[in-house]
Structures are given as structure tokens and as C-alpha cells.
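*Asks:* Make a model of this:
(4 chains)
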There are 2 protein chains.
Amino acid sequence: MDQVELFKALSNKTRLQILAWLKEPETSFPGQAEHAGFEDGVCVGQIQLKSGLTQSTVSEYLAILQRAGLVQSTRKGQWTYYKRNEAAFEQLSKLILSDV
Amino acid sequence: MDQVELFKALSNKTRLQILAWLKEPETSFPGQAEHAGFEDGVCVGQIQLKSGLTQSTVSEYLAILQRAGLVQSTRKGQWTYYKRNEAAFEQLSKLILSDV
DNA sequence: AAGATATATCGGAATTTCCCGATATACCAA
DNA sequence: TTGGTATATCGGGAAATTCCGATATATCTT
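*Replies:* This is a model prediction of the structure:
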């Protein structure tokens, strides 16, 4: 896990916001309940709607978070669902104390 | 404390390296023993020597780390000494779990 | 197969970061 | 005061990031 890549992923207001939303998917993205559950997280379209950014930007940002290991994705049909990888945050929290 | 600014400060290999060196100033900067102790940390010149970067870059990088609250400086005569602010790292470690 | 929908990728303009050399400022010593 | 040393700040070229619109790909529906 590259530390610089990890911190760069977190160095953006929008990406931090997305991570915060993904902490409580049901309340942050009530719209998704109409076509899916939340077991695998939230689909890109829902995040795009809430963020107000373009689809391409949101897709790119989610890819950055995933490359850093902070979220994981699941493809289901034409949807890709993203959810937080909580283990990564716990690792990071410890890494701050031991490695940085 | 601005989270984005904090993570940006950590998003650079050289700055992470400086922070690592400052964890063990005596062993990382033995050269400083010749003109000063380590109570207040390490002076800019020592860090510059070890990093191989220019003086202006190192000074700038230390300022970035200080603005983020990760280090604190003490001016003594013509020297400025920098040392880690360990409390900030503990805060950050907790912040990762609660806020991010 | 053709059209519709969801997401990913590409190309790029604007902004920021990286790191430099030059210069300014602060302090010390003679 | 003059000169030397340590650090900070300024201006800038190169590279990276931000976010966009356009396009490609994958999947579903009919």
C-alpha cells in the first residue's frame, strides 16, 4: 500500500465527502432503495446525483479511492456498487501512529 | 484543522521522509550534535543536507508541515528548529476513524 | 440486432504542486 | 558598519491534479 497514493486519495474535498456519505448509505442515498439494496454499497449514478459533478468525474474519483484501497466495488448487471473498506481505515489509523 | 490541507501535507514522499527522520532526530541527524542539542528538534540546514533538496524547497516543505500542524518550530538565533507535534498524529489517527 | 441505460475511459483547459535559482530578511561576529 | 551564515520568500518551468465533454464499453430490453 503506497502511503503517498493513499494520502493523495484523501486530499480532495469531494472524495472525502463521498467517503462520508458512504458511511451511512441508507440515509445518504435514499433514492437507491427504489431499485436495489445496500449490501454492496451505492451505485455510481446515485453518488453522481448527490455530488453534482459529472458522471466521468465521479467514476474517476471512485477509481482513485479504490486504487488506494479505501473502497471496494461490485459489478451487478449494468451497475457498479461501491462501499467503504472499513478495514483500510483501521489500518490507516494505526499506520499514522506507527509509520508516519 | 482542515482535513484536505492535512492530507495534502502528507501526500509527498519527501515530506513523509522528513517526518520519519524527525521521529529519531539523534540518529537521523548526528551532525547537529556539533552545534546544538535536540530539545527543539532539528534545524533546517541539517534536514536540507540529508534530503539533498535545495534550501528553499526544504524551508517551504517545513512550512507546509507546520501549517498542517504536524510540526512546530522554534527560532533560536539564526537557526529555526523543527520537531514533530506528536499530539497532531494522535489526533489524526483518531480522526481517521471518526471523521473520514 | 437495435436502442436504452450505467459506467469507464479519453483528451484537454484550468489550476495546483513540485522543486528550482535568485533574492530578501534575520541574526551574529568582527 | 560590514560581511558571513541560516532561513524565508519570490518567480517560474515542468509535472500532476481537477473536472469537464465526448466517446467507448458493458449490460439489459425488446
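*Asks:* beta partners for the residue nearest to residue A:23 when sequence neighbours are not counted?
*Replies:* Excluding its sequence neighbours, the residue lying closest to residue A:23 (C-beta to C-beta, 6 or more residues apart in numbering or on different chains) is residue A:84, at 6.7 Å. All C-beta atoms are positioned from the backbone trio N, CA, C, and that covers glycine. Applying DSSP bridges to residue A:84 yields these beta-bridge partners: residue A:71.
*Asks:* Am I right that residue A:84 is in contact with residue A:69?
*Replies:* No - counting by C-beta atoms under 8 Å, residue A:84 does not reach residue A:69; the two are 10.7 Å apart.
*Asks:* still on that earlier bit, can you pull the contacts of the residue nearest to residue A:23?
*Replies:* Residues in contact with residue A:84, defined by C-beta atoms under 8 Å, 6 or more residues apart in numbering or on different chains, are A:19, A:22-23, A:41, A:70-71.
*Asks:* Make a PyMOL selection of whichever of these turn out to be buried.
*Replies:* Selection of buried members from the contacts of residue A:84 for PyMOL, criterion 16 or more other C-beta atoms under 10 Å in any protein chain shown:
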select buried, chain A and resi 19+22+41+70+71
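*Asks:* For the contacts of residue A:84, give me a markdown table that also has pLDDT.
*Replies:* Below are the contacts of residue A:84 laid out as a markdown table (pLDDT from 0 to 100):
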| residue | pLDDT |
| --- | --- |
| A:19 | 98 |
| A:22 | 98 |
| A:23 | 98 |
| A:41 | 98 |
| A:70 | 98 |
| A:71 | 98 |
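*Asks:* which among the contacts of residue A:84 gets closest to residue A:50?
*Replies:* The shortest gap between residue A:50 and any of the contacts of residue A:84 belongs to residue A:22, at 10.7 Å (C-beta to C-beta).
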